[in-house]
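Participant: no letters, just coordinates:
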C-alpha cells in the first residue's frame, strides 16, 4: 500500500492547482487519475471526548495511522494519552518493509504519526520533550522525543527534512550524551544528505536502513509569487516563478517517492510487500501563509509523486494507492478581481485567464486556519472500492490494515 497525503489539500486547493497548471477542463495526471473516489470526515475529539469539528494534522494523522480518534496535538495516543499502535509498526511487525517520506521535517505531525507516540506534537527532540512532554522524556522513563522514537521504530526508508533536531543530544539511555545523528550512525543507518547521495543508495533493510535528512527544517517550496493581501485582487494578475532558494541538493518529492518504492519493492528483501506513506507537506504551510503560488506549486509537486506511485501500481498489479488530505484549508476561488473581507491575490493561469484566491480566516500577517470540511479520498488497486461514498478518517486505517493482512 502506498498512502499519499496532501497536507491541507481540500477540494479548493486541488481545483486551483488544476486551473492554473492544466486548465479548468484538464485533469491532474496523478490526483485526478484515481478511478475510485469518495470523501471522508476529519473531525477530532476534545480531551473529554466531544467532537472537535476542525482537526489539526496530528489528530487527523493519528486517526488514519491508529484507527483511533484523538485530540488536536496528539501523536499516536488516544484522548487519555495512551499509545495506539500505528500502521507502520503493524506492517513491520508482520514482516513487511516500511517507508515514510515527507517534504516537512520528519518530526512534523504527519510523518510523526507513523513513527512515534507523544502527548504533544511539538516534542521533536530531547530538549523540548523534557518540558513539553515530560511523561514521554527518556530521562523520565518514557520512549523519548519524536526523533528518538523514529530511530527506535526504524522504518527501512525515512526521507525528509528536520536534520537540525538530530544535532541534539540524548539525555538518557544507551546513547546518552551522543547526538541523535551520532546515534543513528552507531545503529547502522545510511544517512544521505543530498539528492546525489540518495541516488547512490542501492539497498535498504533493517541492518542498514536509510534516514535521509536533506534540510535543517522543512523543504524549500517549488514556486514563489505574491502573497494575498487586503487589496491584492486589484493588482494586475501575476504569474508564479521558480523559488530562487530551491537547489539541486534537495531531492524532489517524486524522486524520493520513486526511490522509496524501488528500495521497498527490492526482490532481495521481504516478499510480503510494503507500506509506504508519502506527504506533500507545504500545500498546508503555504495555505497558512496565504501564498497562492507556493500552495499551487506544492500541489503540482505532490501530484507528480502521486503519478509516480500510480505508475508503479499499474506495473505491479498488486498495489493499492490511496490519495487524500488530512483536513481542508482556507483558500477559496472567488470571482476574478473580487475584493473580499479577507486577503486576496489574482494569478494569470496557463490558460491566460485571471483566477482570484481569497483567504479569510486570519488577518494579514496571521496564520490562516484549517477548515472542518470533509475531503476527497481517491484510490487505485485492490481494496480501492472501500473508499467509495462517505467514510471517516479512522476507517482508512482498517481498510489499509485489511489490504496488508495485518493482525
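Facilitator: Okay, I see it. Computed from a prediction, not measured in an experiment: that's the story for all the values here.

Participant: now do the helices in the stretch 1-150 of the chain.
Facilitator: Using DSSP state H, counting those that start in this stretch, the helices of the stretch 1-150 of the chain run over residues 11-21, 57-66, 87-93, 109-112, 126-132, 146-153.

Participant: mean pLDDT added to the ones you listed, as a markdown table?
Facilitator: Output for the helices of the stretch 1-150 of the chain, formatted as a markdown table (pLDDT from 0 to 100):
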| stretch | mean pLDDT |
| --- | --- |
| helix 11-21 | 98 |
| helix 57-66 | 98 |
| helix 87-93 | 97 |
| helix 109-112 | 98 |
| helix 126-132 | 97 |
| helix 146-153 | 98 |
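
Participant: just put the ones you listed in JSON lines and tack on mean neighbour count and distance to residue 361.
Facilitator: Every residue, glycine included, has its C-beta placed from N, CA and C. Formatted as JSON lines, the helices of the stretch 1-150 of the chain follow (neighbours: other CB atoms under 10 Å; distance: least, CB to CB, whole Å):
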{"stretch": "helix 11-21", "mean neighbour count": "22", "distance to residue 361": "12"}
{"stretch": "helix 57-66", "mean neighbour count": "29", "distance to residue 361": "16"}
{"stretch": "helix 87-93", "mean neighbour count": "21", "distance to residue 361": "31"}
{"stretch": "helix 109-112", "mean neighbour count": "30", "distance to residue 361": "19"}
{"stretch": "helix 126-132", "mean neighbour count": "19", "distance to residue 361": "26"}
{"stretch": "helix 146-153", "mean neighbour count": "25", "distance to residue 361": "28"}
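
Participant: between the ones you listed, which gets nearest to residue 371?
Facilitator: helix 11-21 (9.2 Å; CB to CB).

Participant: show me what that closest one is packed against.
Facilitator: helix 292-316, strand 332-334, strand 354-359, strand 375-380 (3 or more CB pairs under 8 Å, 6 or more residues apart in numbering; DSSP states H and E).

Participant: so what touches that helix?
Facilitator: With CB atoms under 8 Å, 6 or more residues apart in numbering as the test, helix 11-21 has contacts from 6, 24, 26-28, 31-32, 240, 283, 287, 292, 295-296, 299-300, 303, 325, 328-329, 331-333, 347, 349-351, 355, 357, 373, 375-376.

Participant: at 7 Å instead, please
Facilitator: Applying CB atoms under 7 Å, 6 or more residues apart in numbering, the contact partners of helix 11-21 are 26, 28, 31, 283, 287, 295-296, 299-300, 329, 331-333, 347, 349-350, 355, 357, 376.

Participant: what angle separates it from strand 354-359?
Facilitator: Using axes from the mean of the first three to the mean of the last three CA atoms, to 10 degrees, the inter-axis angle of helix 11-21 relative to strand 354-359 is 150 degrees.

Participant: now the angle from helix 11-21 to helix 292-316?
Facilitator: Using the same axes, to 10 degrees: helix 11-21 against helix 292-316 is 90 degrees.

Participant: check the offset of helix 11-21 from the chain's centre.
Facilitator: 18 Å (CA atoms, centre = their mean, to the nearest Å).

Participant: looking at the helices and strands packed on helix 11-21, which is nearest to residue 63?
Facilitator: strand 375-380 (12.3 Å).

Participant: which element follows that closest one toward the C-terminus?
Facilitator: Moving toward the C-terminus from strand 375-380, the next helix or strand (DSSP states H and E) is strand 389-392.

Participant: partner strands of that following strand, with direction?
Facilitator: Sheet pairing of strand 389-392 (DSSP bridges) gives strand 36-41 (parallel).

Participant: got the contact list for stretch 237-254?
Facilitator: 103, 194-195, 198, 214-215, 219-226, 280, 293, 296-297, 301-302, 304-305, 308, 346-348, 354.

Participant: hmm, which of those are the buried ones?
Facilitator: Taking 16 or more other CB atoms under 10 Å as the criterion, what is buried in those is 103, 195, 198, 214-215, 219-226, 280, 293, 296-297, 301-302, 304-305, 308, 346-348, 354.

Participant: the stretch 51-200 of the chain: strands as residue ranges?
Facilitator: In the stretch 51-200 of the chain, the strands defined using DSSP state E, counting those that start in this stretch lie at 51-52, 97-105, 157-161.

Participant: need those in TSV (columns: distance to residue 245 and mean pLDDT).
Facilitator: Output for the strands of the stretch 51-200 of the chain, formatted as TSV (distance: least, CB to CB, whole Å; pLDDT from 0 to 100):
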stretch	distance to residue 245	mean pLDDT
strand 51-52	36	98
strand 97-105	14	98
strand 157-161	14	98
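
Participant: low-confidence bits of the protein, can you list those?
Facilitator: Scanning the chain for pLDDT under 70 picks out 267-271.

Participant: and the residue most central in space within the chain, what does it touch?
Facilitator: Nearest to the geometric centre of the chain sits residue 279, at 2.8 Å (CA atoms, centre = their mean). The contact partners of residue 279, by CB under 7 Å, 6+ apart, come to 5, 7, 101, 102, 103, 104, 110, 111.

Participant: what's the closest of these to residue 162?
Facilitator: residue 104 (7.5 Å).

Participant: list the contacts of the closest one.
Facilitator: 110, 111, 160, 161, 218, 279, 281.

Participant: please name the nearest non-neighbouring residue to the last one.
Facilitator: Meaning residue 281. In this structure, residue 281 finds its nearest non-sequential neighbour in residue 104, 3.5 Å apart by CB to CB, 6 or more residues apart in numbering.

Participant: between the contacts of residue 279, which sits nearest residue 317?
Facilitator: Residue 317 has its nearest neighbour among the contacts of residue 279 in residue 101, at 22.6 Å by CB to CB.

Participant: would TSV of the helices and strands packed on helix 11-21 with distance to residue 132 be doable?
Facilitator: Formatted as TSV, the helices and strands packed on helix 11-21 follow (distance: least, CB to CB, whole Å):
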stretch	distance to residue 132
helix 292-316	28
strand 332-334	34
strand 354-359	30
strand 375-380	29
